[in-house]
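fold the stuff below for me.
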Amino acid sequence: MATQTVHDVVFYLQTLKAPVQRDQNDVSVQSGRQLFLNTGCAGCHTPQLTTGFSTIAALSNKTFFPYTDLLLHDMGPGLDDGYTEGSASSSEWRTPPLWGLGLSKNSQGGQYFLLHDGRAGSIEEAILLHGGEGTQSKTRFQQLTGEGRSQLIKFLESL
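The predicted structure follows:
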């Protein structure tokens, strides 16, 4: 009986609907999406992926929008916590999916706790803590006007 319960939970989790992007037609969100692409954020936070074959038809060969490449990236000394996991170095982190990012604050007591250890209290702070392979994108973000930064953040909050 316990094994079946585990299988039922796994099936349930596999078939949960992905978060739907909100405010897609908002001009600021659309501008923010373009800035997200222009700054190079999509190099690691890949907007679109396609599933492989699955015996569950609803999951087989489906295009979805997780905003991740699911790969490990060296994030530099600022995010190096001195702990290793598997074969990853202590400064390597798997790119987290950004889908649902704008909803996470509501499920975290009205605050953001971002990055691998929750140290970033805002989306902007999380971006500014990127180093290593994320340095160039962070620098491009820093070079945006205040309005550009706000638009990019608004786009991320729409995910």
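
so where's the protein shaky on pLDDT?
Scanning the chain for pLDDT under 70 picks out 1.

who's in contact with the most centrally placed residue in it?
Compute the mean C-alpha point of the chain, and by CA atoms, centre = their mean the closest residue is Leu98, 2.3 Å away. Leu98 makes contact with 45, 66-68, 156, 159, according to CB atoms under 8 Å, 6 or more residues apart in numbering. Glycine gets a C-beta too; all of them are placed from N, C-alpha and C.

same thing but 7 Å
Contact partners of Leu98, counting by CB atoms under 7 Å, 6 or more residues apart in numbering, are 45, 67-68, 156, 159.

same thing with His116?
Trp93.

quick one: the strands in this structure?
49-50, 63-64, 72-74, 92-94 (DSSP state E).

mind checking which of the ones you listed is nearest Gln21?
strand 63-64 (11.3 Å; CB to CB).

centre of the chain to that closest one, how far?
Taking CA atoms, centre = their mean, to the nearest Å, one finds the center of strand 63-64 at 15 Å from the center of the full chain.

what pairs with it, parallel or antiparallel?
strand 49-50 (antiparallel) (DSSP bridges).

outside of the partner strand, which residues touch it?
The contact list for strand 49-50, computed with CB under 7 Å, 6+ apart, reads 61-64, 66.

mind doing that once more with 8 Å?
For strand 49-50, the external contacting residues (CB under 8 Å, 6+ apart) are 61-66, 68, 70.

what's the burial count for Thr46?
Thr46: 18 surrounding residues under other CB atoms under 10 Å.

residues contacting it?
By CB under 8 Å, 6+ apart, the contact set of Thr46 is 66-69, 95.

of the residues you listed, buried ones?
Using 16 or more other CB atoms under 10 Å as the burial test, those include 66-69, 95 as buried.

tell me the one of these nearest Gln4?
Looking across the buried ones among the contacts of Thr46 and measuring by CB to CB, the closest to Gln4 is Pro66, at 29.2 Å.

my guess is that closest one contacts Pro19, does it?
No. Using CB atoms under 8 Å as the test, Pro66 is too far from Pro19 to be in contact (9.4 Å).
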